[in-house]
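Colleague: Return atomic coordinates for the entry below.
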Amino acid sequence: MIPYSKQSINQTDIDAVVNVLKSDWLTQGPKVPEFEDKVAAYCGAKNAVAVNSATSALHLACLALNIGPGDIVWTSPISFVASANCALYCGAQIDFVDIELGTGNMSVDRLSEKLAHAKTKGTLPKLVIPVHLAGQSCDMKEIHKLSQQYNFKIIEDASHAIGGLYKGNKIGSCQFSDITVFSFHPVKIITSAEGGLALSNNKQLIRAMQRLRSHGITNVSDEMTESSHGSWYYQQVELGFNYRMTELQAALGLSQFNQLDKFVARRNLLAKQYDELLKPMAVEPLLQTSDCYSAFHLYIIKLAISTPKKHSNVFEKLRECGIFCQLHYIPIHLQPYYKKIGFSSGDFPVAESYYSCAITLPLHPNLTAKEQRYIVASLGKLL
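Modeller: Coordinates of the predicted model:
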């Protein structure tokens, strides 16, 4: 079976993890801050906080921005559920902004319309979470302009996008956002087995996330309520979590990071080859905008003419051929949990139209030319 994505682990990665196993530190040692510093420097951000998953990073980012009961958060319906769940963890209300069918990313036009309407009703969001689907940045400059007009904070869910560019800057620079979040799950661009990371240029937000990832504990003098009792002293100043990244994860992440640009270049090459091979077929790849260089976590196509039966049939037949295609994503508002809290079919029609025709084809650095030709030939026969 050809997977839609998978990790690429070499002997250097294995040695890096083994070296940590032989060291004095398995957790809370030097590798985590080294990993944080390396990613922040690469992206051009001032600070980073590594955690055990991107879901945890999203949760901490919301908390650092003081999201809580009575607040409203908007995100994209085309994402993994974590992009919306993070707001609910904080007791906030969640809503969605429909997408552009071409890119699959949050539509700036729909966002602008929805903000104008929300202002008249007194229901403006405190936070918007754009999601960089498949590795291509949303139009962050325009979203940031709207944030200035309507006074909301921004978290970039860049779980798919480390190594990508937007307007010549690395995704993760936080030029147009308060916080950016990356994922290092095994199917992502680079992996730390499980893991995530939040970047920000705001030191106060970073310190809040650092405390919250480790039980709300601090030993920083100006964050404590009284003078230190000694070098051993710490205080729990708020209710936090155990969201820490281990030294093993950070060591793997550091080793993988050395291959990041190579992995992204390989993904872009494979995507271009897909584009050429698929030209004669009745499919449409996601539109790539001129101001972006996608990290190409995913290669998504849309069937030009699709019915539920045809869409399902293509999936099943490809899997019968040993090709594990996937669908990214089922619109979040159609999930049973979200229907229970008030969302319905028809709420976000472009996202639902996308869902009816989208297919993720296999894409990872170790995908061979032979496998890629087989995937395209199999799809061609089905169509």
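Colleague: so how far is residue 116 from the residue most central in space within the chain?
Modeller: With distances taken as CA atoms, centre = their mean, the residue of the chain nearest its centroid is residue 159 (1.8 Å). From residue 159 across to residue 116, the span is 29 Å (CB to CB, to the nearest Å). Every residue, glycine included, has its C-beta placed from N, CA and C.
Colleague: repeat for residue 98
Modeller: 15 Å.
Colleague: When those two are compared, which one has more neighbours?
Modeller: The residue with more neighbours, out of residue 98 and residue 116, is residue 98; 24 against 13, by other CB atoms under 10 Å.
Colleague: okay, the more buried one: pLDDT?
Modeller: pLDDT recorded at residue 98 is 98.
Colleague: Could I get the phi/psi values of it?
Modeller: Main-chain torsions, residue 98, degrees, to the nearest 10: phi -60, psi 160.
Colleague: Show the contacting residues for it.
Modeller: Residue 98 sits next to 77, 106-107, 110, 348-351 when contact means CB atoms under 8 Å, 6 or more residues apart in numbering.
Colleague: I'd like to know how many residues surround residue 356.
Modeller: 14.
Colleague: in the stretch 251-383 of the chain, which spans are helices?
Modeller: Taking DSSP state H, counting those that start in this stretch as the criterion, the stretch 251-383 of the chain carries its helices at 260-278, 308-320, 336-340, 349-355, 369-382.
Colleague: Export those as TSV, with columns for distance to residue 132, mean neighbour count and mean pLDDT.
Modeller: Converted to TSV, the helices of the stretch 251-383 of the chain look like this (distance: least, CB to CB, whole Å; neighbours: other CB atoms under 10 Å; pLDDT from 0 to 100):
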stretch	distance to residue 132	mean neighbour count	mean pLDDT
helix 260-278	13	17	98
helix 308-320	24	14	92
helix 336-340	21	12	98
helix 349-355	16	19	97
helix 369-382	24	15	97
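Colleague: in the one helix or strand residue 210 maps to, what counts as buried?
Modeller: Using DSSP states H and E, residue 210 sits within helix 203-212. Buried residues in helix 203-212, counted by 16 or more other CB atoms under 10 Å: 205-212.
Colleague: For the helix or strand of the chain with the lowest mean pLDDT, name the packing helices and strands.
Modeller: The helix or strand of the chain with the lowest confidence, counting by mean pLDDT, DSSP states H and E, is helix 308-320 at a mean of 92. Applying 3 or more CB pairs under 8 Å, 6 or more residues apart in numbering; DSSP states H and E, one finds that helix 308-320 makes contact with strand 299-303, strand 358-361, helix 369-382.
Colleague: residues in contact with the second one?
Modeller: So the one you mean is strand 358-361. 4, 104, 274, 298-303, 311, 314-315, 318, 323, 325-328, 375, 379.
Colleague: repeat that with 10 Å
Modeller: For strand 358-361, contacts defined as CB atoms under 10 Å, 6 or more residues apart in numbering pick out 2, 4-5, 78, 101, 104, 134, 270-271, 274, 278, 283-286, 297-303, 306, 311, 314-315, 318, 323-329, 367, 372, 375-376, 379.
Colleague: What mean pLDDT does stretch 213-224 get?
Modeller: Mean predicted lDDT for stretch 213-224 stands at 94.
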